[in-house]
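# Pasting a predicted model and its sequence here:
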Amino acid sequence: MRTFTRILLIIAGTVSLGLGIVGIAIPLLPTTPFLLLAAACYVRGSTRLYDWLLNSKYLGDYIRNYREKRAIPLRTKVGALLLLWASIGYSALFAVSMAWVRMLLLLIAVGVTIHICKLKTLAAEAKAYEPADDNV
């Protein structure tokens with residue numbers, strides 16, 4: 001692949017990664033789609049960055065769970081929905097004065113809520129039972 005194309009893919013992946021990280025804290029900015037886009041750019045532009053992203057302690061699970069299982073943990077679902085409705089509710093009630101913008105915000109919140117609720121919920125990871133060594 002040409003060097004210029006690889007550089008553009010790495011830049012696009014890095015911008016997507018940044019937006020995905022910001023999306024963790026801002027409910028209106030979706031985290032997982034940006035992380036998936038970053039992974040797609042990195043896999044074509046830099047296998048080293050792709051491997052780093054997938055093996056990242058905090059971000060790798062987002063990508064693997066969504067890509068392989070189409071699921072997210074219950075804690076993530078609840079947190080996302082609480083932040084979503086708190087921020088959109090506040091915005092609709094106090095920050096926006098136009099009725100059509102309020103309705104648009106509420107429709108977006110409903111749409112995102114439906115999408116999140118349709119995703120499978122990951123079961124809590126059970127720790128493997130390891131019997132104690134009784135050979136004393």
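In hand now; what should we look at?
# mean confidence score for the longest helix anywhere in the chain?
When the chain is parsed with DSSP state H, its longest helix is helix 3-25. Mean per-residue pLDDT for helix 3-25: 92.
# Look up how far M98 lies from C41.
37 Å (CB to CB, to the nearest Å). Quick note: C-beta positions are derived from backbone N, CA and C, even for glycine.
# whoops, G111 was the one
Applying CB to CB, the value for G111 to M98 is 19 Å.
# all strands for this structure, in order.
In the chain, the segments counted as strands under DSSP state E are 71-73, 120-122.
# residues in contact with the longest helix of the chain?
29-35, 37-42, 44-46, 49, 53, 59, 62 (CB atoms under 8 Å, 6 or more residues apart in numbering).
# Of the strands of the chain, flag the one that's most buried.
Among those, strand 71-73 has the highest mean neighbour count (mean count of other CB atoms under 10 Å), at a mean of 17.
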